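[1] need coordinates for the below:
(chains A and B)
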Amino acid sequence: MTPATLLTDIRDYPWTGLLAELLPAKLAARLPAQFQATNAPIVPSESIAGRALIVVIAIMSFLACLTAGAVYMINQSANAWVNDITSEITVELDPVNTADIDKKMTLVALFLAKQKGVTKVKPQTAEESAELLEPWLGHSEALSALPIPRLIAVEIDRSNPPDMKVIKDALTQNFEGVTLDDHGRWQAEIRTLTRSAALGGLAILGLVAAATIAVIVSATRSAMASNREIIEVLHFVGASERFISHEFERHFLGLGVRAGLVGAVAAALVFLLMPVVSPLLGGGIVTAAETRRLVGSGELDLAGYFVCLLVVVVVAFLCMITSRLGVIRVLKNYD
Amino acid sequence: MIRFDNVGLRYGTGPEILRDVTFHVLPGSFHFLTGPSGAGKTSLLRLIFMSLRPSRGLNFVFGHNVAELGPGARAELRRRIGIVFQDFRLLDHLTTWENVALPLRVMGKKESDYAEDVTDLLRWVGLGERINAYPEILSGGEKQRAAIARAVIGRPELLLADEPTGNVDPVIGNRLLRLFVELNRLGTSVIIATHDYGLMEQLDAPRLVIQDGQLRIS
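    Numbers count the residues shown, from 1 in each chain, chains lettered A, B, ... in the order given. Prediction:
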């Protein structure tokens, strides 16, 4: 196909009749006259093969939208994780050989607050530091007797970050037993983990997309086989390949959009209801909180729903192209 | 209008079913095409209609060498030909009226421009009461007449009919022959493939006879 024929195809396409094909028959009947088909459709709107195709496309679109949405959500959560840890550093104070650790905490916090690029300094109390060890040591009064390092959480401005090396050197020079952890190692590990998760998700999405394409192409071809006689009759009454292709493309595009939307809306409902339903099905508030930490809130944002809409577009396009190839295949026997 | 020079046809690697077929069809002529069953009458009609390609030889349709035409040009030429099949080839989901109007719709004409013509023609072939009927409830003869009406509605320059009176009684058969003759008088060339000697004897028209893969004119 040359660009010129493509342009002619687009110009001559029966756009006004497309809306009637996209809507179910009852709604299409309510459209204004200019959007109504004046003649009976050459490709029958209802057939057993057509209904089976709608069910198959709706199911595959549902699965593809679920996968695409889930991968998108995990990717967003992973990005949020990395963003969170890159906007924070931790300063650790060794209590050993320090007479007044609280005074030292105050001095270091004041020093840090003066640094350029630091937005917030939050010294942790001794109790807060001890709480961090509770998962390993349990709740015990003995913890207060231990020389637990004290921590200061420092939030930094990611758009204008401080020079870590300068702060690190200054801390070492001015305070004994004070170290700075810029979470570099942790960040690298998280990045590797999130990238692996994103790649794994993309691989699954690729597999689902391949399966969706294979199933839709195969089902559309089956539906086209039942329309072979129509293609032949149109050919014998002198219809050009373009005319026949347009009739089938319009029909299968409408069918693909309708079925794809059913699948996408069902998937969207799953995403909408997930935050409400998951605590009821799962292990209560703690599990829900852990899940939220791992994959985010379980809700898709607008861009996520746009990804689902994109799936519908791809599905409808696949149906349209497969029908066109089906027409060309049948007409090859006659030309 | 139609010229075949030493045309041969074989399906796949099978034997040649048409050999050295040479004939001319002039504008405004009327021909019967006859021969025993399986002689290749339908294949010859399909060659003329350009829905088959000859294995060898040259065929010209409306002065164009078919071998040199692209799919679009062949579709254009096909619109100038009306064709009636033995098995009618009506679309079951369209009414009789919609089936007959199909060639005009394919040409891109407006329904308001041809609605009356379609209805008049259906009345003329005796299907005035079956305008809104679907093919599945039509009898064999009614389907035959609907198929003929569909072939002639576009006033083709050439009409090809494969056993057009095979499923109708003699009265309707004569009426259909009158339709073909009337079309011929208006300038349409007609080729009717038939076994019906009674039909052929009603009209003094040249006969293209296919026997043993070869064509002779009598």
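
[2] okay, the helix or strand harbouring residue B:82 in CSV with CA atoms only?
    Assigned by DSSP states H and E, residue B:82 belongs to strand B:81-84. This file holds the C-alpha atoms of strand B:81-84, laid out as CSV (Å, rounded to 0.1, in the frame of the first residue of the first chain):
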residue,chain,number,x,y,z
ILE,B,81,-20.8,-7.4,-16.7
GLY,B,82,-23.9,-9.0,-15.1
ILE,B,83,-23.6,-12.6,-14.1
VAL,B,84,-26.2,-15.2,-13.0
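
[3] and that strand, how far from the chain's centre?
    4 Å (CA atoms, centre = their mean, to the nearest Å).

[4] same check, this time on stretch A:75-83
    Using CA atoms, centre = their mean, the offset of stretch A:75-83 from its chain centre is 12 Å.

[5] contact partners of that stretch?
    Residues outside stretch A:75-83 that contact it (CB atoms under 8 Å, 6 or more residues apart in numbering or on different chains) are A:158, A:187, A:190-191, A:193-195, A:197-198, A:201, A:294-296, A:301, A:304. (C-beta placed from N, C-alpha, C; glycine too.)

[6] ok and the residue in chain A nearest chain B?
    In chain A, the residue found nearest to chain B is residue A:238; the distance is 3.5 Å by CB to the nearest CB.

[7] is it true that that residue touches residue B:79?
    Yes - here residue A:238 lies in contact with residue B:79, judged by CB atoms under 8 Å, at a distance of 3.5 Å.

[8] lowest average confidence, helix or strand, in the chain?
    If you meant another chain, say so; for now it's chain A. Lowest by mean pLDDT, DSSP states H and E among the helices and strands of chain A is helix A:284-295, with a mean of 59.

[9] try again with chain B
    helix B:170-185 (a mean of 85).

[10] and the helix or strand residue A:325 falls within, how far from the chain's centre?
    Using DSSP H and E, residue A:325 sits in helix A:302-332. Averaging C-alpha positions (CA atoms, centre = their mean) puts helix A:302-332 20 Å from its chain's average.

[11] list the buried residues in that helix.
    Neighbour counts using 16 or more other CB atoms under 10 Å in any protein chain shown place A:304-305, A:307-308, A:311-312, A:314-316, A:318-324, A:326-327, A:330-331 of helix A:302-332 among the buried residues.

[12] just give me the residue closest to the centre of chain A.
    The residue lying closest to the centre of chain A (CA atoms, centre = their mean) is residue A:72, at 1.8 Å.

[13] list the contacts of it.
    A:300, A:303, A:304, A:307.

[14] switch to 6 Å and redo it
    The contact partners of residue A:72, taken as CB atoms under 6 Å, 6 or more residues apart in numbering or on different chains, are A:304, A:307.

[15] for the stretch 201-335 of chain A, what lies in contact range of chain B?
    Residues of the stretch 201-335 of chain A lying close to chain B (CB under 6 Å from any CB of the partner chain) are A:233, A:236, A:237, A:238, A:239, A:240, A:241, A:334, A:335.

[16] excluding chain neighbours, what is closest to the fifth one?
    If the residues on either side of it in the chain are set aside, residue A:239 comes closest to residue B:106, at 4.3 Å by CB to CB, 6 or more residues apart in numbering or on different chains.

[17] for chain A, what's the nearest residue on chain B?
    Closest point on chain B to chain A, by CB to the nearest CB, is residue B:79, at 3.5 Å.

[18] so what's the residue count around that residue?
    17 (other CB atoms under 10 Å in any protein chain shown).

[19] now it: phi and psi?
    Per-residue torsions, residue B:79: phi -70, psi -20 (degrees, to the nearest 10).

[20] same check, this time on residue B:138
    phi -80, psi 150.

[21] ok, now how distant is it from residue B:130?
    6 Å (CB to CB, to the nearest Å).

[22] now swap in residue A:54 and tell me
    Residue A:54 is 33 Å from residue B:130, by CB to CB.

[23] of these two, who's got more company?
    Remark: of residue A:54 and residue B:130, residue B:130 carries more neighbours, 21 against 18, as counted by other CB under 10 Å.

[24] got the contact list for that one?
    residue B:96.

[25] so residue A:104 belongs to a helix, correct?
    Yes - applying DSSP: H, G, I helix; E, B strand; the rest coil, one finds residue A:104 inside a helix.

[26] and for it, the neighbour number?
    Residues near residue A:104, counting by other CB under 10 Å: 19.

[27] per-residue confidence at residue A:232?
    Predicted confidence (pLDDT) for residue A:232: 88.

[28] ugh, wrong one, residue A:146
    78.

[29] close to chain A: what parts of chain B are there?
    B:51, B:71-72, B:75, B:78-79, B:83, B:89, B:91, B:93-94, B:98, B:102-103, B:106, B:111.

[30] OK, contacts around residue B:215?
    B:21, B:208.

[31] show the contacting residues for the residue of chain B closest to chain A.
    So residue B:79 contacts residue A:238 (CB under 6 Å, 6+ apart).

[32] got it, and residue A:334?
    By CB under 6 Å, 6+ apart, the neighbours of residue A:334 are A:235, B:51.

[33] how about it, secondary structure?
    coil.

[34] need phi/psi at residue B:40.
    phi 120, psi 20.

[35] please apply the same query to residue B:39.
    Torsion angles, degrees, to the nearest 10, at residue B:39: phi -70, psi -20.

[36] check what pLDDT it gets.
    Value for residue B:39, per-residue pLDDT: 88.

[37] residue A:147: which of the contacts of stretch A:75-83 is nearest?
    Residue A:147 has its nearest neighbour among the contacts of stretch A:75-83 in residue A:187, at 28.1 Å by CB to CB.

[38] so where do the helices sit in the stretch 101-250 of chain A?
    Taking DSSP state H, counting those that start in this stretch as the test, the helices found in the stretch 101-250 of chain A are A:101-114, A:126-137, A:164-174, A:184-225, A:228-236, A:241-281.

[39] now distance to residue A:30 too, for those helices, in a markdown table please.
    Shown next, in a markdown table, are these (distance: least, CB to CB, whole Å):
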| stretch | distance to residue A:30 |
| --- | --- |
| helix A:101-114 | 67 |
| helix A:126-137 | 63 |
| helix A:164-174 | 66 |
| helix A:184-225 | 27 |
| helix A:228-236 | 27 |
| helix A:241-281 | 16 |
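
[40] and these: which comes nearest residue A:59?
    Once the helices of the stretch 101-250 of chain A are compared by CB to CB, helix A:241-281 is nearest, at 6.6 Å.

[41] could you say what helices and strands that closest one packs with?
    helix A:15-22, helix A:48-86, helix A:302-332 (3 or more CB pairs under 6 Å, 6 or more residues apart in numbering or on different chains; DSSP states H and E).

[42] for the residue nearest the centre of chain B, helix, strand, or coil?
    What sits nearest the mean C-alpha location of chain B, by CA atoms, centre = their mean, is residue B:160, with 2.1 Å. Counting by three-state DSSP, the backbone at residue B:160 sits in strand.
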